[in-house]
Every structure is written in C-alpha cells, then in structure tokens.
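>>> Test case, fold it:
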Amino acid sequence: MTVIGWIILGLLAGAIAKFLLPGRDPGGFIGTTLIGVAGAFIGGWISARWLDHPISKDFYDGATWASAIGGSLVLLVAYRLLFGNSRN
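Prediction:
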C-alpha cells in the first residue's frame, strides 16, 4: 500500500475511532482524523515490528485495518488525557 493509501486508511480509522470514543475532543473532528492518520502509521509500525504481522499490500486486509484503528484509539485516548480540559 502506498503512503496515500495509508493516509486514506488513517482518515477512515480516525473517523471510526471518533465513533467508538464519542465525546468532546480538544481538536474537533479534523484533529481527530489527523490523529487517525498518525495512529494508522504507528499501528502499522507496531504490527510489523512487534506483532510479527507484516504490513499487507492489500487495502482491505482486516489486520491492517485493526492495527490502524487500534493505533488511532491509543493516540486519541492519549490526546484526550493530555489536552482534554483545554476546550470548554
């Protein structure tokens, strides 16, 4: 999968993470989707590095999606813990 594919996957993973963790985010919807892009890259790297599941070249691979969504969820929770009270 190309970098553009990972960006698209990250945008979708960020939207799914926002759906799974509803509530007010300090960055709003755009910030959440950008966190999704970063989470997709980090989730894919963790999956390839420590979970012995190499990155698939197929956009529709379930493990690739799970790692992207998992990385997005982790970053979203961390972002909320760090900056959650900055938005009133």
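>>> For the most centrally placed residue in the chain, which non-adjacent residue is closest in space?
Using Cα atoms, centre = their mean, the residue of the chain that lies closest to the mean C-alpha position is Ser72, 2.4 Å off. Take Ser72 and drop its neighbours on the chain: the residue closest to it by Cβ to Cβ, 6 or more residues apart in numbering is Gly39, 3.2 Å away. For every residue, glycine as well, the C-beta is placed using N, CA and C.
>>> you'd agree the one you found is up against Gly14?
Yes - the pair Gly39 and Gly14 passes the contact test of Cβ atoms under 8 Å, sitting 6.8 Å apart.
>>> Report the distance from whichever strand or helix holds the residue nearest to the centre of the chain to the chain centre.
Using DSSP states H and E, Ser72 sits in helix 62-83. When distances are taken as Cα atoms, centre = their mean, to the nearest Å, helix 62-83 is centred 4 Å away from the chain's centroid.
>>> So which elements touch it?
On a contact count with 3 or more Cβ pairs under 8 Å, 6 or more residues apart in numbering; DSSP states H and E, helix 62-83 meets helix 3-20, helix 28-49.
>>> name the helices or strands packed onto the first one?
Judged by 3+ Cβ pairs under 8 Å, 6+ apart, helix 3-20 is in contact with helix 28-49, helix 62-83.
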